[in-house]
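1. Just need the structure, nothing else, for what follows:
(one chain, ligands or ions: 1)
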Amino acid sequence: MILKIVKYPEPVLSQPGEPVTEFNAELRKLVADMFETTYANQGIGLAAPQVGVSKRVTVIDLSMGKDPKDRLALINPEIIFSQGKQYEEEGCLSFPEIREKVSRHAKVRIRAQDEHGKWFEKDGEEILSRCMQHEIDHLDGMLFIFRMSALKRDMSLRKIRKMQRAGTW
Ligand SMILES: [Zn+2]
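-> Now for the predicted structure:
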């Protein structure tokens with residue numbers, strides 16, 4: 001089922017998500033729906049708050065549905081190691097048409113549970129690293145415009161207000 005993606009400034013996007021404690025059919029349905037929603041929107045990652053669910057659940061798939069090995073469901077994820085810097089363009093499905101450069105760690109190692117509750121660790125570099133940081137930020141109520149420089153953030157917020165006025169946001 002394709003879920004509705006909420007846009008900034010929907011309050012749920014700014015709230016920290018609740019930890020997941022039950023690894024049941026409901027969680028697995030949410031994960032499956034989130035993958036479907038990501039693919040339907042040509043995205044590479046999605047966090048539960050973006051579909052109005054304030055839980056620490058995120059999905060990532062750099063292959064956009066083409067390679068099952070790339071499917072990554074991260075439940076209760078945390079960054080346990082980070083190294084270096086990268087400064088690349090980012091977008092977000094809750095901010096359509098906004099793309100700006102954001103500073104991130106070059107590499108990260110994350111620890112997370114899978115949809116059955118099993119803990120695992122995974123290393124990310126380049127786009128995967130950036131995507132992991134972006135999605136884990138969502139679970140803390142942190143949005144990528146607040147990782148931009150003040151100048152780029154102001155430009156983005158002005159662009160959003162203009163689209164809101166035009167009724168296209
Ligand atoms: Zn996002």
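2. For this structure, just list every one of the helices.
-> Remark: helices assigned in the chain by DSSP state H are 25-40, 126-139, 150-166.
3. Make CSV out of those helices and add distance to residue 74 and mean pLDDT.
-> Yep, even glycine has a C-beta here, placed from its N, CA and C like the rest. Compiled in CSV, those are given as follows (distance: least, CB to CB, whole Å; pLDDT from 0 to 100):
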stretch, distance to residue 74, mean pLDDT
helix 25-40, 10, 98
helix 126-139, 7, 98
helix 150-166, 26, 96
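4. Now do the longest strand seen in the chain: which elements does it pack against?
-> With secondary structure taken from DSSP state E, the chain has its longest strand at strand 72-83. If you count contacts as 3 or more CB pairs under 8 Å, 6 or more residues apart in numbering; DSSP states H and E, strand 72-83 packs onto helix 25-40, strand 57-60, strand 107-113, helix 126-139.
5. Just say which of the helices of the chain is most tucked in.
-> Ranked by mean neighbour count, these are led by helix 126-139 with a mean of 22 (mean count of other CB atoms under 10 Å).
6. May I have that one as CSV, with CA atoms only?
-> Extracted as CSV, the C-alpha positions of helix 126-139 are listed here (Å, rounded to 0.1, in the frame of the first residue of the first chain):
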residue,chain,number,x,y,z
GLU,A,126,29.3,8.0,0.1
ILE,A,127,25.6,8.0,-0.8
LEU,A,128,24.7,5.1,1.6
SER,A,129,26.4,6.9,4.4
ARG,A,130,24.6,10.2,3.6
CYS,A,131,21.3,8.5,3.3
MET,A,132,21.7,6.7,6.6
GLN,A,133,22.5,10.0,8.3
HIS,A,134,19.6,11.7,6.6
GLU,A,135,17.1,9.0,7.6
ILE,A,136,18.4,8.6,11.2
ASP,A,137,18.1,12.4,11.5
HIS,A,138,14.4,12.1,10.7
LEU,A,139,14.0,9.7,13.7
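7. Can you list the neighbours in contact with it?
-> Contact partners of helix 126-139, identified using CB atoms under 8 Å, 6 or more residues apart in numbering, comprise 13, 16-17, 44-50, 56-60, 62, 74, 77-79, 86, 88, 90, 92, 102, 104-108, 110, 122, 124, 143-144, 147.
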